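Peer 1: Generate coordinates for the sequence data below:
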Amino acid sequence: MRTAEIAASNAGLAFAGPPADKYELKAVDLQPDWELCQTLGLNMRTRVWIFRPGQAWHTVPASYRPPRGDLGRLERELCRICRMPGFERTGDRGLGLCNQHGSELNRLNLTLEQYLARDPAPLPTFGRCRARQNETEPCPRWASASTHRLCSVHGKRWRKLGKPDVDDWVRVPQPIKETTPGNLIDLSALNQVQFHQVCWAIQTDYREHVVLSIGNTKHAVNWLRDHGGGRAVSEIDPSELEEVYWSRLVRWIGRARWALATGDDELQRPVIRLGVLNPKYRNRTVDISDVTQPWLVQLATLHIRHVAALGSGATKITESGRLFRWWSAYLLTLGDRTPAQILSEDACDGFARWLQRRVVDSTQYLMLQSFDDGAGAPPQAERDRIAARLLTPNPNSRDRNRPVLLMTTSNRGNLLRLLNVILLTHIDYLRKLGGHAPGWRVSRAQISSQDEEGRLNRQAKGLAEEDKALPAVVFDQLRAHLALLGADGLARNGVELLMHLGRRPEDQMNFPFDCMSVVTDVIDGEERTYPRLRYTDRLKDGKGGHVVDIPVFERAAAVIRRQQDWLRRTYPRWFNDSGEPLNPNLRLFPKTINNRDGTVPLSGSVINSWIRQWVGKGSKGHAGIQQTPKIVGPDGIGFPLFRLTAYSLRHTFGQDLHDAGVPLDTIQRLMGHDKLLSTQVYARPTMADQWTGLKQLEQARSARITGDGNVVLLPIPTTLADHEDITRATMECGSCAEKGNVARHGAACQFGSECLNCFFFRATVSDLPDLHRTRHRKARLLAQQRARLMPQGQLANALATKVQLEVERLDDLIATLEEEIRSSDMVTDDDRQLIWDTLDRMDRIDRELLEPLGSKRGLVRALVDERTFHPLAAAEMSATAGREEVLL
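Peer 2: Purely as a prediction, here's the structure:
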């Protein structure tokens with residue numbers, strides 16, 4: 001069904017059909033759909049547009065009653081009550097009442113019929129308005145107040161001028177325009193082109209579901225009539241419009257120019273609107289205004305057209321525009337040589353070395369920015385000299401508030417790699433330039449690896465690789481202050497969900513509304529119900545675009561449900577009566593402005609903006625976010641706020657998984673890494689790990705296992721602890737004091753690997769996570785046997801008795817070790833609480849993530865870690881401190 005037919009059949013509804021996308025708006029001649037316009041109220045013969053009251057697509061209320069009289073009269077109708085001689089007042093208020101009677105009707109909360117039935121008394125007149133239309137003609141309206149004795153229009157104009165002396169003010173003619181009824185717009189004074197474009201603009205607002213303001217539209221039409229000079233809407237410069245109520249006309253000008261724009265014309269502009277080349281880019285732009293070389297401008301536009309046609313990411317296109325700006329600035333230093341005369345060494349490798357100097361300039365600029373010598377003049381002068389060697393940001397970009405564009409090692413590498421791609425893609429154009437141009441390439445020696453660039457960037461900030469994740473004490477402070485983000489809403493739910501999921505911020509912001517489902521599955525013979533997250537990750541640089549289906553913590557599921565409920569309460573227009581989204585593409589974190597159906601997600605960078613305001617390092621534009629108290633690090637001093645970012649929360653999630661003993665391949669899946677190499681950053685050995693490994697190797701080489709499985713120690717250890725360290729072998733939930741028993745994968749064990757019933761079995765506090773996990777698994781097996789979910793018989797009964805004894809043995813071990821932690825004088829209350837939190841986190845990872853994945857956690861090795869001192873290692877060291885049992 002066509003739009004006009006839908007509008008005719010749904011005259012009382014707000015709009016007909018789904019909203020049109022303004023970025024897909026194309027109409028070469030701006031010809032309106034006359035059938036739709038007439039359905040909406042346009043009279044083609046008189047060129048008068050009449051809006052039926054009560055329709056939600058415009059601002060004429062259902063209670064509006066058109067005044068009686070001719071179109072375009074200066075004089076207003078009298079009040080329905082005050083219309084007798086000596087009691088004349090203008091019916092300026094709605095429903096044809098004067099100001100006083102209209103106010104009384106509203107105060108009594110009555111309908112017009114109920115109010116008139118009260119037979120209100122007419123009020124004395126204030127006389128005619130004292131102002132004049134011209135030298136000879138007075139204003140025909142009645143005064144609205146006794147103080148100034150001016151009509152409502154002249155009174156408003158007089159107040160806007162600051163209430164000058166009334167007697168002096170009325171001596172100068174104050175003409176007012178003819179007025180039309182509030183539901184009518186007269187287009188008869190416009191020429192043919194203006195009439196067509198205004199009708200096209202009104203129908204476009206209707207199709208885009210933009211509510212039409214009758215008052216603003218009248219102002220726009222009157223301006224075109226009086227000041228347009230016969231020009232089309234698309235030919236008017238918005239700078240001519242100074243008054244705020246011309247906003248409707250400014251909107252029409254932008255729409256008309258957008259619709260008339262073509263790709264060829266757009267590529268001639270210094271700031272290219274990417275949405276003209278491809279509607280998917282919407283309002284994104286790329287700036288090449290300071291690219292001065294004609295051949296480079298042509299190469300830039302050629303590349304921008306190419307990648308826009310392919311639908312590449314807008315960020316990549318913007319980065320290419322930035323590359324051409326930097327390259328143009330460098331080529332200016334080579335003089336007036338033509339491209340054919342420039343060697344590859346000069347055009348490309350020289351550019352790489354020049355960019356490296358800009359990296360140094362950027363570092364110095366930042367250092368001077370934080371330097372304060374008291375006077376301030378020398379640093380400012382030096383900053384100005386450095387800024388002259390850098391670029392200024394595009395006024396339409398996200399960096400527009402920065403004084404200069406800084407260059408980092410990572411940015412330099414990305415630009416050089418992109419330059420090589422551009423040179424290879426457009427080799428045919430370079431051949432037309434001739435000379436050395438076809439051979440231009442940046443040599444590999446000038447481009448560092450991305451890992452090396454990241455290391456250099458972190459080194460410049462004084463960070464190590466282990467600093468990607470946050471220390472546990474810092475993370476706990478952030479979690480304790482979540483309430484300062486608000487009780488509910490985008491900021492609170494977005495940050496808290498990132499803490500519990502560890503997804504990429506840009507992926508999380510793009511979650512669909514129905515991203516979570518509850519799945520019932522059989523895990524280890526037990527039927528379990530658990531939440532799963534399902535979405536498609538973003539496509540970037542040829543990577544991504546995969547369907548992600550992973551289990552999530554129950555805490556994360558609770559945050560998702562809370563965000564869904566918040567959307568239903570805040571934006572009920574996006575849902576049906578049962579709470580289901582009307583649009584299947586509704587996002588879980590949608591933009592709150594310019595987002596009619598909730599399908600446009602927030603940018604991933606908004607999480608950093610929330611965090612900056614939350615921890616007090618900038619960004620004050622988010623209402624409802626309060627600043628946290630001072631965040632302190634493990635050393636008790638203030639923690640560097642620049643390390644508190646969205647990605648630091650993601651890295652903390654990954655590091656916690658590794659510290660809990662989760663295998664790397666499982667971490668890779670839970671983190672969404674394409675390559676295992678990206679996951680291995682959480683498993684890099686620290687100096688403490690390396691030292692412990694050397695110590696264990698030294699101890700192992702001092703022991704020899706004979707053919708019969710006996711251990712010969714050289715030299716003989718002096719303490720029982722040293723003896724067990726050398727001869728101990730790690731088992732499932734503890735260790736065996738005799739390595740010979742577990743040689744050849746347990747085949748040499750003379751006790752049949754019944755570890756829990758063996759006097760060689762050892763368990764320390766660092767084994768508590770594995771003891772809890774083993775106890776949970778055996779208790780579940782025992783429950784299945786007692787529920788007769790497994791084959792029954794004498795052997796099954798004997799096995800149940802054995803498992804029961806093992807559960808009791810594990811309970812005794814766990815209770816003993818936990819009591820050892822509680823009673824140890826070497827463990828502080830804070831460390832003790834940290835241990836319980838660590839055990840709880842490991843238990844949740846086992847039950848809510850690993851078991852649904854069908855994966856098992858590896859053995860937890862509680863070693864000293866440079867990122868944070870592992871609480872279980874600390875507890876074990878304190879529990880065994882001072883124990884010097886000599887081996888006799």
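Peer 1: per-domain residue ranges of the chain.
Peer 2: 3-60+181-260, 264-460, 470-683, 763-880 (automatic domain parsing).
Peer 1: To residue 121, which of the ones you listed lies closest?
Peer 2: Closest to residue 121 of the domains of the chain, according to Cβ to Cβ: domain 3-60+181-260, at 27.5 Å. All C-beta atoms are positioned from the backbone trio N, CA, C, and that covers glycine.
Peer 1: for that closest one, what is the average pLDDT?
Peer 2: Mean per-residue pLDDT for domain 3-60+181-260: 79.
Peer 1: Tabulate the domains of the chain in a markdown table, adding columns for mean neighbour count and distance to residue 112.
Peer 2: Formatted as a markdown table, these follow (neighbours: other Cβ atoms under 10 Å; distance: least, Cβ to Cβ, whole Å):
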| stretch | mean neighbour count | distance to residue 112 |
| --- | --- | --- |
| domain 3-60+181-260 | 17 | 14 |
| domain 264-460 | 16 | 46 |
| domain 470-683 | 17 | 30 |
| domain 763-880 | 17 | 63 |
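Peer 1: Take those and write them to TSV, including distance to residue 110.
Peer 2: What follows is the domains of the chain, written out as TSV (distance: least, Cβ to Cβ, whole Å):
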stretch	distance to residue 110
domain 3-60+181-260	20
domain 264-460	48
domain 470-683	30
domain 763-880	60
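Peer 1: Any idea which of these gets closest to residue 105?
Peer 2: Shortest distance between residue 105 and the domains of the chain, using Cβ to Cβ, is found for domain 3-60+181-260: 17.7 Å.
Peer 1: Run the chain-centre distance for that closest one.
Peer 2: Relative to the mean C-alpha coordinate of its chain, domain 3-60+181-260 is positioned 34 Å out (Cα atoms, centre = their mean, to the nearest Å).
Peer 1: which residues does residue 570 contact?
Peer 2: Shown in contact with residue 570 (Cβ atoms under 8 Å, 6 or more residues apart in numbering): no residues.
Peer 1: Which pLDDT value belongs to it?
Peer 2: 92.
Peer 1: any idea how far it lies from residue 511?
Peer 2: According to Cβ to Cβ, to the nearest Å, residue 570 and residue 511 sit 17 Å apart.
Peer 1: thinking again about what came up before, which of the domains of the chain has the lowest average pLDDT?
Peer 2: Among those, domain 763-880 carries the lowest mean pLDDT (a mean of 74).
Peer 1: now that one, how far from the chain's geometric center?
Peer 2: With Cα atoms, centre = their mean as the basis, domain 763-880 stands 39 Å off its chain's centre.
Peer 1: do stretch 429-442 as well
Peer 2: Relative to the chain's own centre, stretch 429-442 is displaced by 41 Å; criterion: Cα atoms, centre = their mean.
Peer 1: gap between the two ends of it?
Peer 2: End-to-end distance for stretch 429-442: 18 Å, by Cα to Cα, to the nearest Å.
Peer 1: Could you find the closest non-adjacent residue to residue 110?
Peer 2: Nearest residue to residue 110 in three dimensions, chain neighbours excluded: residue 118, at 7.8 Å (Cβ to Cβ, 6 or more residues apart in numbering).
Peer 1: And for residue 169, the neighbour number?
Peer 2: For residue 169, the count of nearby residues is 18 (other Cβ atoms under 10 Å).
Peer 1: wait, isn't it in contact with residue 159?
Peer 2: No. Assessed by Cβ atoms under 8 Å, residue 169 is found out of contact with residue 159, at 11.0 Å.
Peer 1: Do a quick rundown of the strands in the stretch 1-150 of the chain.
Peer 2: Here the stretch 1-150 of the chain has its strands, by DSSP state E, counting those that start in this stretch, at 42-43, 48-50.
Peer 1: ok so, going back, report how many residues lie close to the residue nearest to residue 110.
Peer 2: Using other Cβ under 10 Å: residue 118 sits among 11 other residues.
Peer 1: what sits against residue 786?
Peer 2: If you count contacts by Cβ under 8 Å, 6+ apart, then residue 786 has residue 800 around it.
Peer 1: Look up phi and psi at it.
Peer 2: Main-chain dihedrals, residue 786, degrees, to the nearest 10: phi -70, psi -30.
Peer 1: Paired strands for the longest strand belonging to the chain, with orientation please.
Peer 2: Of all the segments of type strand in the chain, defined by DSSP state E, the longest one is strand 526-536. Using DSSP bridges, strand 526-536 pairs in its sheet with strand 516-523 (antiparallel), strand 547-551 (antiparallel).
Peer 1: how distant is the first one from the center of its chain?
Peer 2: Translated: strand 516-523. For strand 516-523, the distance to the chain centre is 29 Å (Cα atoms, centre = their mean).
Peer 1: again, but for stretch 340-360
Peer 2: With Cα atoms, centre = their mean as the basis, stretch 340-360 stands 36 Å off its chain's centre.
Peer 1: List of residues touching it?
Peer 2: Where contact means Cβ under 8 Å, 6+ apart, the residues beyond stretch 340-360 that reach it are 326-327, 330-331, 333-334, 339, 389-390, 407-409, 412, 415-416, 419, 423, 433-437, 439-443, 446-447.
Peer 1: try 6 Å
Peer 2: For stretch 340-360, the surrounding residues in contact (Cβ atoms under 6 Å, 6 or more residues apart in numbering) are 330, 407, 409, 412, 416, 433-436, 439-443, 446.
Peer 1: can you give me the helices for the stretch 501-650 of the chain?
Peer 2: Using DSSP state H, counting those that start in this stretch, the helices found in the stretch 501-650 of the chain span residues 505-509, 554-570, 605-615, 646-659.
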